[in-house]
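Colleague: what would the 3D arrangement of this be:
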Amino acid sequence: MKYIRKLGCPHVYSQWCARVARTGQEDFREVRGPEKHALLIALVAEQGALCAYTMKRIDPESAHVEHIKPQSLCRAERAGSDLDYRNLVACFPRGGVEARYRYGAQRKGDWWENGGLCFVSPLHPACENRFRFNMEGKIAAVGNHAAATTTIRVLALDHPGLTEDRRRVIQEFVYGPSGQDPLSEAQANQAVASICEPYSNGRFYEFCIAILHALQDHLKGLRRSARRRRGARRRT
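Modeller: Model (predicted):
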């Protein structure tokens, strides 16, 4: 999960929210096409074109506006609170339910427990430290962190299809398209320093946090191999 730093609400959306305040239209279900599209564009850009939950590559055509705290619960507590920009993120997929995408926002649905304390939000600065990925794209909760464990289950972040997508991207990044051209120690160190930084167009590399962890494991492997070679030379 990549930390999302919330920026300013898009002007078109904030104007619409101000216009409908304290009326019967103060409801996210009333947001119309132009305002919703502007909102989605802003969220995708804010997230560096990564899904808030899965880190899959997204754009406005492949994502939808997701309420971290379900909008129905927001409305039940206070009218209009489902419009709060601070609770909105962009998630894969665009819409509809397909079996192969039964993870992320589709899997979460309206789940919400204990006021969100059981869920690792991508808006929390520590979210990147709650999960660990390996070279095969598998995910685990760091230190068996309870909320991280629950989040993996609720979002199905260990779904075989999503795990395979991460594995494929990781393997190609670390070992090259052929799988036979691994990064050198210098190249891996350089990649560790830059993989989680946005490109000039503001986009992040797909699954960047998972790649970072794989690079760290790759470096450990390279260093172990170097130590074994040095030990073998000393014995000869």
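Colleague: so what's the nearest residue to residue 71 once chain neighbours are set aside up against?
Modeller: Sequence neighbours aside, residue 82 is the residue nearest to residue 71 in space, at 3.9 Å (criterion: CB to CB, 6 or more residues apart in numbering). (C-beta placed from N, C-alpha, C; glycine too.) Taking CB atoms under 8 Å, 6 or more residues apart in numbering, we find residue 82 in contact with 27, 28, 67, 71, 72, 74, 75.
Colleague: helix or strand for the last one, which one?
Modeller: It stands for residue 75. helix 71-77 (DSSP states H and E).
Colleague: only the C-alpha atoms, please, for that helix, written as PDB.
Modeller: Extracted in PDB, the C-alpha atoms of helix 71-77 (Å, rounded to 0.1, in the frame of the first residue of the first chain):
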ATOM      1  CA  GLN A  71     -20.700   6.400   2.100                       C
ATOM      2  CA  SER A  72     -23.900   4.800   3.600                       C
ATOM      3  CA  LEU A  73     -22.400   5.000   7.100                       C
ATOM      4  CA  CYS A  74     -21.300   8.600   6.500                       C
ATOM      5  CA  ARG A  75     -24.800   9.600   5.500                       C
ATOM      6  CA  ALA A  76     -26.300   7.700   8.500                       C
ATOM      7  CA  GLU A  77     -24.100   9.700  10.800                       C
END
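Colleague: show me which positions of the longest helix along the chain end up buried.
Modeller: Ranked by residue count under DSSP state H, the longest helix found in the chain is helix 208-235. The neighbour-count check on helix 208-235 (16 or more other CB atoms under 10 Å) flags 208, 209, 210, 211, 212, 213, 214, 215, 217, 218, 219, 222 as buried.
Colleague: show me where the chain has its helices.
Modeller: 11-20, 33-46, 71-77, 105-108, 146-155, 160-175, 185-194, 208-235.
Colleague: among the ones you listed, which comes closest to residue 94?
Modeller: Among the helices of the chain, the nearest to residue 94 by CB to CB is helix 33-46 (9.6 Å).
Colleague: okay, now the unreliable bits of this protein?
Modeller: Residue ranges of the chain with pLDDT under 70: 96-101, 236.
Colleague: ok, now with 80
Modeller: For the chain, the stretches with pLDDT under 80 are 95-101, 229-236.
Colleague: hang on, the earlier thing: in a markdown table: the helices of the chain, plus distance to residue 134.
Modeller: As requested, those are exported to a markdown table (distance: least, CB to CB, whole Å):
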| stretch | distance to residue 134 |
| --- | --- |
| helix 11-20 | 39 |
| helix 33-46 | 28 |
| helix 71-77 | 35 |
| helix 105-108 | 22 |
| helix 146-155 | 14 |
| helix 160-175 | 9 |
| helix 185-194 | 16 |
| helix 208-235 | 7 |
